[in-house]
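Student: Here you go, sequence then predicted model.
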Amino acid sequence: MIVKIVFLFLIAMGVMAMFGKLRVPGMKPLSNRKCRDCGRYRIGKGPCPCGGEKRG
């Protein structure tokens with residue numbers, strides 16, 4: 001019984017990993033959402049809080 005539960009858990013984790021690898025068409029990679037000056041992630045359309053890169 002325990003082996004069956006572990007086996008089903010591993011299958012579920014494998015399916016979740018496959019869905020995590022999918023890419024949505026049209027989305028930018030996460031590396032493009034960082035400020036080139038300070039390296040922080042930018043949220044929204046405004047400039048970076050460090051005052052470096054402007055984003056429009």
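Tutor: Noted; the coordinates are in hand. Numbers count the residues shown, from 1 in each chain.

Student: any idea where the helices of this protein begin and end?
Tutor: Applying DSSP state H to the chain gives helices spanning 2-21.

Student: how about low-confidence regions in it?
Tutor: 24-32, 53-56 (pLDDT under 70).

Student: Distance from stretch 34-43 to the middle of the chain?
Tutor: 15 Å (CA atoms, centre = their mean, to the nearest Å).

Student: And stretch 38-56, by the same measure?
Tutor: 18 Å.

Student: What residues sit buried inside that stretch?
Tutor: Across stretch 38-56, burial judged by 16 or more other CB atoms under 10 Å covers Arg42, Cys48. C-beta coordinates here come from the backbone N, C-alpha and C atoms, glycine included.

Student: quick one: contacts of it?
Tutor: With CB atoms under 8 Å, 6 or more residues apart in numbering as the test, stretch 38-56 has contacts from Leu30, Arg33, Lys34, Cys35, Arg36, Asp37.

Student: Could you identify which of those has the most neighbours?
Tutor: When neighbours are taken as other CB atoms under 10 Å, the top entry among those is Cys35 (17 neighbours).

Student: Grab the nearest non-local neighbour of that residue.
Tutor: Cys48 (4.1 Å; CB to CB, 6 or more residues apart in numbering).

Student: Gly52 too?
Tutor: Asp37 (3.0 Å).

Student: Next up, phi/psi of the one you found, please.
Tutor: Torsion angles at Asp37 (phi, psi; degrees, to the nearest 10) stand at phi -90, psi -50.

Student: how far away is it from Gly51?
Tutor: Counting by CB to CB, to the nearest Å, the gap between Asp37 and Gly51 amounts to 8 Å.
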